[in-house]
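1. no sequence on this one, just coordinates:
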Ligand SMILES: Cc1ncc(COP(=O)(O)O)c(C=O)c1O
Ligand SMILES: Cc1ncc(COP(=O)(O)O)c(C=O)c1O
């Protein structure tokens, strides 16, 4: 199989989309957010627990699910401010296609930059997480 | 002056547009018809007297006025049926650009065939005359 | 079938491909395999040349010019109307209105005809398998004008459910049936002649959305006796920016204008305006002159090849494609109508439609994925998104095989 | 004036003429002298090439494609939006809506904004010198929606009569002033900034019909603070089939859609639809992809030459033309505004406008004759038809002299 076919769907993405580690709605959580891509109907729900534990329920493509899962892994234990900074850095990666060493596994999604229409698949979980964190900030 | 400039506006057309011989509304007449070119606002009124005497009032371009005047001349003394036949032959001339010997001076307008948008200027008086003659037929 | 639809040149797909400059392009270092023609078709050299020729040699605004360039541009513009009229076998050239696209054509009917010929309490019927373009304008009409909107069901195979249709018509309120002539998702043709006869017998007019059908099959509006027929130039190998509304002359004559301004006027005062006769009444402002002439060239091109030859070619492709897809485990083709055109929409167990599209693209294969502007239909078929491969007269069996290989690779990745 | 409007290449009309293939054409064996650019302008090579390039190399339907061709076409289409936004100095790209032509842009505003933001009893003001495109849609709105339509007078010179305008606004009912930015008959510019300030101070929004102005002069919608600005691509050296509506973002956001169907939707069920944000909400169906990209190329072209340089060139032509025409006995130029663009409309004592146009055409000179889609204005100026010569960036002083000689010949014929 040619490398061009695979480069966008690295093993990590395929693996995390097929067997996500942070999937499922926890019994208790402190905030939630959702995102929907009206264009295709894909949607994701994100659950946040104090201390920075994140889970997700993603219904959509491999990029969306893998991105949600890698996000949950990356933000574990992070403060809302740290999450916001990380989101900015991640959006830069999927826009520019240039990896950011500080982001670790999230760089697996850098290939999305070549597909403008797919960027939203990768960034949707982050938008949902931001919505959850806004809720936290409002309610203290 | 080049011949191409003049060919369409033969001396006869210019002369008849500047000094029409059959212009003016007669005191009495038996039928009348009117035509208007909505595109440019040009209009013509045609007055018919029993025996086939025709006058006109044309407000418009040289082609319209000359055509009205040459028509009045050509149909003098003709029956409604003869007028109808002549109209058909005339429309053929201004559509095809081919002269019709039977039409005499009316052939001066053959050059109009090259200007689709101007054909209506030449045929409008004939439409007005037909309207007048319809009136005659209806009212006996 | 009449002469005008006969093929005048033997169908030879490799010769035909030479007419389309874009087909030699490469994508990601691979030969382009363009299987997205149902969204918009590629343009043959003759269409491109016709547009260039206007701009280089005979361009001016149309209709109102008294000079040579304007007369020539007007001639060419109006000649395209004759071509469309002949192509559809319309009774008269005045029955052909030029719009931007099929979407505008339907909106024109919904605004102009819908708000005058239809009355509050009347009903409009569409089917479950409409493109948004043939659903949303009727929802707007419903909300603005008090017309009822009814949805006729389809069967799981993607065909009209006649029982449902009869039920919708039962109370005699239906005055318009607006339906696709071929689904852009399921590929099904609707039985247009039967639908028209059915609706007419019940006092309703019929609009057919011919966006997909017109590309694949000869359409004769007189034989169908359809009241309105719409399509877009860009799917018929013509330029963007040009669409067609066919309507019976007496219907157009009774319709008020939709857009107003120059060209569509008979006379205007500060107080009021009177309208030009159809089709001009419905063509406000400077028309898409270059594009209309381009559409004329596209119709000439298609006619020269022959709709019957094209239909036969596409039947072969569709049959081949269905067989190929049936061989892929876990793949589901949406719709299984008997009478279907060159559109195959499918889902795969292992891979989401978007992933399929992206991964095929890496192999140079262009397919569409998503909801195909038919969101309610997707729900009806129980899927949220699907991939679609669609065929044109330049599509080859080898390209369909390439799709099959591409899908096999994707299964590998997600296995 | 900002950098973007500066000339980046010295203005050299004979070099510029080489950019327009059609200008080497002959008509009736004479060199074409095209003085009908106000009706529609000719297309430079770069515009033709841009359109060809899309069709040969990067064509597919936009927005919904997940494949390379579609992404490239979408990029180019959206890049054209950026170019228009920069050209008008709009605050945001979302303020630029693509339509078919200026006529559709105005209709869109009249239907969508007019039937929601305006209420029965509100008044709309237009001037006596509007093109039908900026008169008839408001008459329709009046008749359908109970809005009052008022006509502000102009002076005999062809300028806004401020006394009349103030009187129209006196009762505070006026909610929209819709006016031309430059008359296509009289050539007069309207004082846009002053008009906007005047209307805003009285609680009315302003729409400017920029069809003519945009071609001749740099337009800065932020500096003008105008609410709506419309123009057509085909007069700006771009293709037909593409027009622009600029509107302030907050206004667009509050407007319901006009045409509905694919692309402008957020989500759809059989029951209802929700709308995409502007500008997509107003772009239903497959857009004029090729033409939009062509318009982008036209704007690049005009910007490279520089609007200021173009304006200077056209001022020279207009001055020369006015002087030339003043020397012809019995010739009357309509309008004598101080601030005027390259449009000269006139009547001659001896010859009717149609005869003038036809006789000039025999000499290869293209002018327009008739009512110029401004019938009420013709009545206001006391003429039933007039001839019009209009200038573009490729027009030369020699061509204006040729017009003078042509008119002299016509006088000869009718003397
Ligand atoms: C001042 C003015 N407004 C509106 C229009 C209408 O433009 P279009 O026909 O391109 O819609 C024109 C051009 O004819 C014009 O000159
Ligand atoms: C069945 C059908 N109807 C309507 C449309 C809308 O066509 P357009 O976008 O050209 O207006 C399409 C194409 O997308 C279609 O496939």
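-> Yep, that arrived. The model shown is predicted, which means the values in this text are computed figures rather than measured ones. Ligands and ions are numbered 1, 2, ... in the order given.
2. neighbours of whatever residue of the stretch 1-150 of chain C ends up closest to chain D, just the number please.
-> In the stretch 1-150 of chain C, the residue that lies nearest chain D is residue C:103 (2.7 Å; C-beta to the nearest C-beta). Heads up, the C-betas are built off the backbone N, CA and C, glycines and all. Residue C:103 has 32 neighbours, counted by other C-beta atoms under 10 Å in any protein chain shown.
3. Average pLDDT for the host helix or strand of it, rounded please.
-> Using DSSP states H and E, residue C:103 falls within helix C:102-108. The pLDDT scores in helix C:102-108 average 98.
4. same check, this time on stretch A:68-79
-> The average pLDDT within stretch A:68-79 is 96.
5. Tell me if that stretch is near chain C.
-> No: applying C-beta under 8 Å from any C-beta of the partner chain, one finds stretch A:68-79 out of contact with chain C, separated by at least 13.4 Å.
6. For that stretch, measure first residue to last.
-> Taking C-alpha to C-alpha, to the nearest Å, stretch A:68-79 runs 17 Å from one end to the other.
7. how far out from the middle of the chain is that stretch?
-> 8 Å (C-alpha atoms, centre = their mean, to the nearest Å).
8. Check whether whichever residue of chain A sits closest to ligand 2 sits in a helix, strand or coil.
-> For chain A, the nearest residue to ligand 2 under the criterion C-beta to the nearest ligand atom is residue A:39, separated by 14.5 Å. Put simply, residue A:39 is coil when judged by DSSP: H, G, I helix; E, B strand; the rest coil.
9. which other residues reach the helix holding residue C:103?
-> For helix C:102-108, the surrounding residues in contact (C-beta atoms under 8 Å, 6 or more residues apart in numbering or on different chains) are C:97, C:99, C:133-134, C:137, C:178, C:207, C:209-211, C:230-232, C:243-245, C:258, C:282, D:259-262, D:284-286.
10. In strands only, show me those residues.
-> C:97, C:99, C:178, C:207, C:209, C:230-232, C:243-245 (DSSP state E).
11. Save the residues you listed as JSON lines, and put in neighbour count and distance to chain A too.
-> As requested, these are exported to JSON lines (neighbours: other C-beta atoms under 10 Å in any protein chain shown; distance: C-beta to the nearest C-beta, whole Å):
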{"residue": "C:97", "neighbour count": "26", "distance to chain A": "31"}
{"residue": "C:99", "neighbour count": "29", "distance to chain A": "26"}
{"residue": "C:178", "neighbour count": "26", "distance to chain A": "25"}
{"residue": "C:207", "neighbour count": "29", "distance to chain A": "27"}
{"residue": "C:209", "neighbour count": "29", "distance to chain A": "22"}
{"residue": "C:230", "neighbour count": "30", "distance to chain A": "25"}
{"residue": "C:231", "neighbour count": "29", "distance to chain A": "25"}
{"residue": "C:232", "neighbour count": "30", "distance to chain A": "21"}
{"residue": "C:243", "neighbour count": "29", "distance to chain A": "23"}
{"residue": "C:244", "neighbour count": "27", "distance to chain A": "28"}
{"residue": "C:245", "neighbour count": "25", "distance to chain A": "28"}
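12. List just the nearest of those residues to ligand 1.
-> Nearest member of these to ligand 1, counting by C-beta to the nearest ligand atom, is residue C:99, at 14.1 Å.
13. Would you mind naming what in the stretch 251-400 of chain C lies close to ligand 1?
-> C:262, C:285-286 (C-beta under 6 Å from any ligand atom).
14. again, only this time at 8 Å
-> Residues of the stretch 251-400 of chain C that fall close to ligand 1, judged by C-beta under 8 Å from any ligand atom: C:261-263, C:284-286.
15. Can I get these in JSON lines including neighbour count, pLDDT and distance to chain A?
-> As requested, those are arranged in JSON lines below (neighbours: other C-beta atoms under 10 Å in any protein chain shown; pLDDT from 0 to 100; distance: C-beta to the nearest C-beta, whole Å):
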{"residue": "C:261", "neighbour count": "27", "pLDDT": "94", "distance to chain A": "34"}
{"residue": "C:262", "neighbour count": "27", "pLDDT": "90", "distance to chain A": "37"}
{"residue": "C:263", "neighbour count": "21", "pLDDT": "86", "distance to chain A": "37"}
{"residue": "C:284", "neighbour count": "27", "pLDDT": "97", "distance to chain A": "32"}
{"residue": "C:285", "neighbour count": "28", "pLDDT": "97", "distance to chain A": "32"}
{"residue": "C:286", "neighbour count": "29", "pLDDT": "97", "distance to chain A": "33"}
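16. circling back: could you point out which element follows the helix holding residue C:103?
-> Moving toward the C-terminus from helix C:102-108, the first helix or strand encountered (DSSP H and E) is strand C:123-127.
17. That following strand: partners in the sheet, and parallel or antiparallel?
-> When sheet partners are counted by DSSP bridges, strand C:123-127 sits next to strand C:148-152 (parallel), strand C:174-180 (parallel).
18. Of all those strands, which one is nearest residue B:50?
-> Closest approach to residue B:50 among those (C-beta to C-beta): strand C:174-180, 53.2 Å.
19. Run the contact check for that closest one versus ligand 2.
-> Yes: interface with ligand 2: strand C:174-180 contributes residue C:180 (C-beta under 8 Å from any ligand atom).
20. Mean confidence (pLDDT) on that strand, please.
-> On average, strand C:174-180 scores 98.
21. Name the nearest of the residues of the stretch 251-400 of chain C next to ligand 1 relative to residue A:79.
-> Distance to residue A:79 across those (C-beta to C-beta) is lowest for residue C:285, with 57.7 Å.
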